[in-house]
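In: sequence isn't available, so here's the structure alone:
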Ligand SMILES: Nc1ncnc2c1ncn2[C@@H]1O[C@H](COP(=O)(O)OP(=O)(O)OP(=O)(O)O)[C@@H](O)[C@H]1O
Ligand SMILES: Nc1ncnc2c1ncn2[C@@H]1O[C@H](COP(=O)(O)OP(=O)(O)OP(=O)(O)O)[C@@H](O)[C@H]1O
Ligand SMILES: [Mg+2]
Ligand SMILES: [Mg+2]
Ligand code: NI
């Protein structure tokens, strides 16, 4: 039986059309995966089921939920429906909970809102039960906890507990794991699958990650530009017909061609690096505590090599990067680049590309100025020819240098970031999550570009990411980091096929994988 | 109705009239709570106070006062000659903090002859000794109550101090065992309202029954037109002058001072700053005093003459000077008008509005000013011109000799003549520009009678005040 | 947008009045005509005359000069000192310098501003310059705090990291990258402080501590008019409205600017 | 929470010491001598010197600072130069007007600002929002002493509903409250306007937070989400402003107290400045600074009460 059927839903915000003729359906006990790039309208489709849309939105078509059209329901009826018939889980667990209320109160609220006559202790008991079902046992996570006392994955469980407290027929999960680590992601996905099974719920699972969805879903819908371009079963990768679907699958498992071979001389050597952070003092006169973010790390990179560094969020990857770049002092150990300890002189031999294509550039400067910024290290201004060359080498045109950064897309911005790194012809480029914020198709292009540049200029990369598939695609050798320590090191292929350290094993096991095409 | 609420602009800092200059202390307490041997009557004449009679020795150096019998302080103790001796000795002592210590400077000895007789011996005969003894600074206090006098004044007057809500009001109640004619009121409250607007509001809303020395003359026409109120316009001892720094260039030049005097239109100032209240004066002397002579002609308004005088003094292009103004509105508003009038003859003034403390520091004590406006409210104070170190720094040996002679002269007619001579000298020397005699404008409820219209001293004598119904 | 235009128009009107007053006013405000005092508004004197017979319209034009000058200079002082302090504190976050700057700010904030302004003018004597100093001092922590707060979040941006990788020092980064990106915020806060400055100048002049006569000032006009309010209300009404509308104009302009420049800007009031 | 409080007390003490030094230094440099002010223009120099000695003005600066500070620690603020009674007593009396006035004004502020701010936020963009926000703009722009003057003209002089000012004393609480009404309104109007705007924007901010969306997905109505979740979170900026406003109301009433001739702290200190009653000025300013610092401290503690995230952190 279909729980939810969306028929020809069109949606516009302030007259601007966003969704076009979207039709989807979810049945009892069924998992529908919805995939699409950023901005394709996945979230708005989900919100329109709950009718939690931004002001100025108009919907056309039909959304049938349990046989009733939600588009014609009055607001009170919608309120009665939300949380009882349909539960929803959002992307960002860190902000999805009210920071000033205990988790118990927030979960119990779902119950109290819909069943106002429930006595409070009774509601609390049921909340405790819901939390336990979501693997937050009372002995470890009492109801009196506040959200800030829990990790991201734990918070996401609270949100899920809130959504399933009344055992709704349908659960909508909008990118529920995007903000989480691979290991946590695997746990949350398992939890969702289990709940669907136990309660015979329908689940609409929205994601931009093909691997996640293909692992889980019974049926898959692909969205692009506000329309569903293709729909199919779990074997979509075999039955797909639409070119966009094909491109998406291709890009997701893209393997850039890399021909460059590393020399045998080490370019960068890190020996016993230690980085301690001083924590804010807890008492006025007590001594300050320290936190060791990088703990006795040693490794080296060979000239022309592409070295990967993987690890969970907060394990110290970025801290290590900053130390290598000479931005923060070490409390122990040495870092030597090309025979020189890192310092102002060594710095001109390396550059960096950051994760956030939007925050990497001063919005008030033009591209020419942005790109030529590293010339400060050389103590002179960049010539026009040098700027043009850098832009051309990343696939942009010289005309772009008079534009402002907001005139570019995310992928183009990341190219400009690479151009900025390239312009003084460094030997080492550090890429800290350089492709994590990009859509798969754009990511594929950037990876190609990186491979191409390393061939042409003989560049050395230190490639940092939490996304194992990307690391596997672009690196020769790989380091695994956990809580500030390097726990395993080895050639990438060997590491992925035969991980030795238990932590590496969990990491690789948790990573969702695409079926081979 | 037997109680009255009287608005006052300033609050007394404390309640001891014998150790501060603040006029507000006298306004509340003089002759209501504290009495002296002599006292001022409403017309300014000096009459007997606690002294029933007095006698001056042949050589004019010994005064014998006979006190009223049966006078009691509010704390029940008797007034006797020892109290008088205590009061006078305290005022002239080495460590005295009496603001008018000069009043007592001439006393050589005070003796209590018997409980009701006091003999005061002077170092030299002094014409105005009785007058001095009428001042608020010369009231009789008792040694028993002196320690707390600043917050709990104990006197002999027709009213007893009752309560002081600091910042707000002081209440007096009738003294049932007063030695003289009993007061008609049972209770009097003095309410302190410093803002002129608030004063207007309080009067209009009838929150107060009278406002002594109403601070905003612009409102008086309104009160006069209102049948609920009467406006009493009386005299004060306040000669309002544009003081010139006689030792500072260019005011050390008499021609310049004369020019300034002629540049000023007194009537415009009286109209503009005081809304018509005030009497023009031509010298430092109160017009209601019998010895007054009208010398305004010496400095009539004549800007052309002023310019000519300036040219003669070698300053045809005018000059720049400072004009320092203390807070009262006669000074602030008058100052703006004077600045405009001086500008018309080429004298540019830089105005600075000062608080009293700053004015005392800069202008009065520091003598750092070109021009300043101030009202000299002490009675019969022409003697200040004989003090070369006084803030306007007028140094004229003739006048100094004249005033010294005047001090020891006892003959009435001669005294008058000498006073007139002094008036003429300073007027013709153009020591200062004499503006007007400050008017005392008191707004009272039409049914309230007996409030003094004039202010021979800073006092609100309530002993004769009553309601008409 | 509408509020920006309306606000700017109001502000511009008074600014224009102030500018024109340098070359022309309907009547000379230094000439007193006492016979002509307290005349209600007529065709000759649009806003009537004051207690010295001066034309109130002309006084308001010239008074705008004082109000605007005092407020602008006070804001400039506040920005000129506060912004560098804020930038420095943010650049050396957690250091002794930061601590000293921020505690200093807290201390100034803890002082009752009007009272301190009165004290300052009591120390140095009342004048427009001292009013400016008194108002300006309290602008410093406002701008310092605002700048520091905004700069701190900018310091974590990747483009600042990129600039550091390019070898740029803290001063250079503060000037090149931080300052331009807090400029919007400062402009908006500037208009707000400007309007507060006008109110503060009026309050100080009202208690007699602002610009000294014969320089007209709105606050002093109100102070002079307060006893006349029942007799000739126009004397008190027009300067009051002048203050009200200028401040209103500036606030509207500030709000509008914020919406136009960046709807997410946070401004302290 | 306790550790948090203890840490704050430490920095509190340092602030107070620095503040007392700054105050003392500033006020002692004011030109003008209290003794000569009291004795007027006819006083003789020896009299002035005698009074200076009596007032203890001839002691060294350091000695006077120490005696002032140590005195304050034992609750003795010294003796007023002009009133000649204990400063602590006078301030105590005046506080009985200033404190209630500030509290009433703050009460009014909150009473006006909360409903208005909430209304404007919930009906964002509506006609009600626009007109209320327009009114708050006017409220912020109006000089409060001018507004007070106009109120006196209307309510006291023309309508005679209220007395024009003054304070009858707390013996008659009703009359006392009545006397504080107009001043409190004059003080509260601009503050309420500011607070209403802060309330509105804080609420709008929290209403756009993710967790409000979560609440809505649970089935809460817009209203329920606002009252149960948004309001408490919006309190943090609002509390900051309320804290600032309370201290402002305590000290900022100087002008209003003059317009209504209320014998409060503001008028006391204004008068004390002009009479050079330095010890009084120092003590009042210090008291006000102390009040501000304490209010900030209370606000900080209130944050921790509102926001559990701050409780654990020391
Ligand atoms: N409140 C809004 N007002 C106007 N446009 C909006 C609003 N919310 C979303 N949009 C637009 O609607 C389109 C679809 O947005 P939606 O959030 O559904 O995308 P999405 O597929 O969920 O993307 P992502 O993967 O980034 O979450 C986008 O182009 C977005 O710009
Ligand atoms: N300035 C700092 N002060 C104190 N601790 C810090 C600071 N910066 C980072 N840390 C801590 O150091 C640890 C390592 O942080 P880092 O940013 O290097 O992690 P990461 O591996 O890059 O994580 P992510 O994948 O989320 O970027 C974290 O626990 C973090 O909380
Ligand atoms: Mg989305
Ligand atoms: Mg990182
Ligand atoms: Ni006199």
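Out: Yep, that arrived. Here the structure is a predicted model, which is why all the values come from computation and not from measurement. Ligands and ions are numbered 1, 2, ... in the order given.
In: alpha carbons only for contacts and neighbour counts from here, please
Out: Fine.
In: and chain D, what are its domain boundaries?
Out: For chain D, automatic domain parsing gives the domain ranges D:2-73, D:91-307.
In: weakest of those by average pLDDT?
Out: With a mean of 77, domain D:2-73 has the lowest mean pLDDT of those.
In: got a list of what the closest residue to residue D:49 other than its chain neighbours touches?
Out: With Cα to Cα, 6 or more residues apart in numbering or on different chains as the criterion, residue D:49 has its nearest non-adjacent residue at 7.9 Å, and that residue is residue D:35. Contact partners of residue D:35, counting by Cα atoms under 8 Å, 6 or more residues apart in numbering or on different chains, are D:48-49, D:51-52.
In: what about 10 Å?
Out: Contact partners of residue D:35, counting by Cα atoms under 10 Å, 6 or more residues apart in numbering or on different chains, are B:20, B:97, B:357, D:43, D:47-55, D:57, D:81-82, D:275-277.
In: buried subset of those residues, written for ChimeraX?
Out: Buried members of the contacts of residue D:35, defined by 16 or more other Cα atoms under 10 Å in any protein chain shown, are picked up in ChimeraX with:
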select /B:20,97,357 /D:43,47,48,49,50,51,52,55,57,81,82,275,276,277
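In: out of the contacts of residue D:35, list just those in helices.
Out: Among the contacts of residue D:35, DSSP state H puts B:357, D:47-55, D:275 in helices.
In: out of those residues, who's nearest residue D:124?
Out: Taking Cα to Cα as the measure, residue D:124 lies nearest residue D:275 of the ones in helices among the contacts of residue D:35, at 52.2 Å.
In: what sits against the closest one?
Out: Contacts of residue D:275 by Cα under 10 Å, 6+ apart are B:13, B:355-358, D:32-38, D:81-82, D:269, D:281.
In: ok, of the residues you listed, which one's closest to chain A?
Out: Checking those against chain A with Cα to the nearest Cα, the nearest one is residue D:281 at 32.6 Å.
In: spell out which helix or strand contains that closest one, please.
Out: Assigned by DSSP states H and E, residue D:281 falls within helix D:278-306.
In: quick one: mean pLDDT over the longest strand seen in chain B.
Out: Identified as the longest strand of chain B according to DSSP state E is strand B:229-244. Average pLDDT, strand B:229-244: 89.
In: returning to what we had before: report all helices and strands that the helix holding residue D:281 contacts.
Out: helix C:96-110, helix C:113-124, helix D:2-28, helix D:61-73, helix D:87-122, helix D:231-251, helix D:265-275, helix D:309-312 (3 or more Cα pairs under 10 Å, 6 or more residues apart in numbering or on different chains; DSSP states H and E).
In: save these as CSV, and put in distance to residue C:187 too.
Out: Shown next, in CSV, are the helices and strands packed on helix D:278-306 (distance: least, Cα to Cα, whole Å):
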stretch, distance to residue C:187
helix C:96-110, 20
helix C:113-124, 23
helix D:2-28, 31
helix D:61-73, 43
helix D:87-122, 25
helix D:231-251, 22
helix D:265-275, 34
helix D:309-312, 32
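In: quick one: closest of the ones you listed to residue C:253.
Out: Nearest of the helices and strands packed on helix D:278-306 (Cα to Cα): helix D:87-122, 20.2 Å.
In: what parts of the stretch 1-150 of chain C come near chain D?
Out: C:3, C:103-104, C:106-116, C:118-125 (Cα under 10 Å from any Cα of the partner chain).
In: which outside residues touch the worst-scoring helix or strand of chain B on mean pLDDT?
Out: In chain B, the helix or strand scored least confidently by mean pLDDT, DSSP states H and E is helix B:356-359, which has a mean of 78. Residues outside helix B:356-359 that contact it (Cα under 10 Å, 6+ apart): B:324-328, B:352-353, B:362-369, B:372, C:122-125, D:30-38, D:40, D:273-276.
In: show the subsequent helix or strand relative to that helix.
Out: On the C-terminal side of helix B:356-359, the closest following helix or strand by DSSP H and E is strand B:371-376.
In: for that following strand, packing partners?
Out: strand B:229-244, strand B:319-325, helix B:329-344, strand B:347-353, strand B:433-445.
In: how big is the angle separating the first one from strand B:433-445?
Out: Interaxial angle of strand B:229-244 relative to strand B:433-445 (axes from the mean of the first three to the mean of the last three Cα atoms, to 10 degrees): 160 degrees.
In: check whether strand B:229-244 contacts ligand 5.
Out: Yes - Strand B:229-244 reaches ligand 5 (Cα under 5 Å from the ion) through B:237-238.
In: next helix or strand past that strand?
Out: helix B:254-263.
In: state the next helix or strand along the chain beyond that next one.
Out: Using DSSP H and E, the next helix or strand after helix B:254-263 towards the C-terminus is helix B:266-274.
In: and the next helix or strand after that next one, anywhere near chain C?
Out: Using DSSP H and E, the helix or strand that directly follows helix B:266-274 along the chain is strand B:279-280. No - counting by Cα under 10 Å from any Cα, chain C is not contacted by strand B:279-280; separation bottoms out at 17.1 Å.
In: tell me what strand B:279-280 is packed against?
Out: strand B:229-244, helix B:266-274, strand B:433-445.
In: pLDDT (mean, whole number) over the shortest one?
Out: Helix B:266-274 carries an average pLDDT of 89.
In: so what are the sheet partners of the helix or strand where residue B:66 lies and their directions?
Out: Using DSSP H and E, residue B:66 falls within strand B:62-67. Sheet pairing for strand B:62-67, assigned by DSSP bridges, gives strand B:51-56 (antiparallel), strand B:117-122 (antiparallel).
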